[in-house]
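*Asks:* Okay, predicted coordinates and the sequence, questions at the end:
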Amino acid sequence: PRASFIVRPLDVDDAEQQLRRGDLDAFVATPVLTSHRTVRIPLFLERYVGMVAADHPRIRGEAVTMAELAAEHHATVFGPSGHVAPRTLLAAHELLDRVVVDATRFSMLPYLLEQTDLIAIVPEYVGEVFTTSRRVRLVRLPFETEPIEVALYARHESSRSPSQRWLVQFMAEVLGERVSPAQLPPYAVGPDQPARPV
């Protein structure tokens, strides 16, 4: 369809405004943003896991215990990308004082972790992608985490141009495909229903 793409880091605080102004045609985010001018299309859910260097000196095996998690120094993602859940999880378990590095993007973490003995909490599918190219591995956390829903945001269908309709459909199909066991089914959302698991 003669489409071209520009992919930019997301500033979640300004993304809806950029969509309304026409600076963006669509964006993908985990925070739930509500506006009568935009539509939210759920893509998939994913869990949080721990990520450490492949040869981490103390964390061994497939899971980390609460004592190990409390003893380690942490790196988190904090900033305009909108990922607040890792810091929220650490705060809920009184571990926020263990954070020694705040990165602004998840893409920085594998480079940082493979060279240090830090641990980070990341979305599982994101972590799986990093393990294919960097010397990092994933470990189960010692507590249950609420799955996060990855969603596509766009203008309402009646407000989209033909090319924007194509783009939104394309993105929903491609990004909504299950390519990993880490991706859980999305919540079913009806026109007048709250979100709930399928």
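*Replies:* Okay, I see it.
*Asks:* where does the protein dip in pLDDT?
*Replies:* 1-2, 79-82, 187-198 (pLDDT under 70).
*Asks:* For it, which segments count as strands?
*Replies:* Applying DSSP state E to the chain gives strands spanning 26-29, 38-46, 48-53, 74-77, 99-103, 119-123, 136-139, 148-155, 183-184, 187-188, 196-197.
*Asks:* and the angle from the third one to strand 148-155?
*Replies:* Right, the one you point to is strand 48-53. Relative orientation of strand 48-53 and strand 148-155, computed by axes from the mean of the first three to the mean of the last three C-alpha atoms, to 10 degrees: 110 degrees.
*Asks:* now what about strand 48-53, what contacts it?
*Replies:* Strand 48-53 is contacted by residues 59, 64, 69, 85-86, 89, 109-110, 113-124, 127, 130, 135-141, 145, 148 when judged by C-beta atoms under 8 Å, 6 or more residues apart in numbering. Where you see a C-beta, it was placed from the backbone N, CA and C, and this is true even at glycine.
*Asks:* Filter these down to the buried ones and hand me the ChimeraX line.
*Replies:* Filtering the contacts of strand 48-53 down to the buried ones (16 or more other C-beta atoms under 10 Å) takes a single ChimeraX command:
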select :59,64,69,85,86,89,109,110,113,114,118,119,120,121,122,123,124,127,130,136,137,138,139,141,145,148
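*Asks:* from the strands of the chain, which stretch is densest packed?
*Replies:* strand 119-123 (a mean of 26; mean count of other C-beta atoms under 10 Å).
*Asks:* Output the contacting helices and strands for that strand.
*Replies:* strand 48-53, strand 74-77, helix 85-92, helix 109-114 (3 or more C-beta pairs under 8 Å, 6 or more residues apart in numbering; DSSP states H and E).
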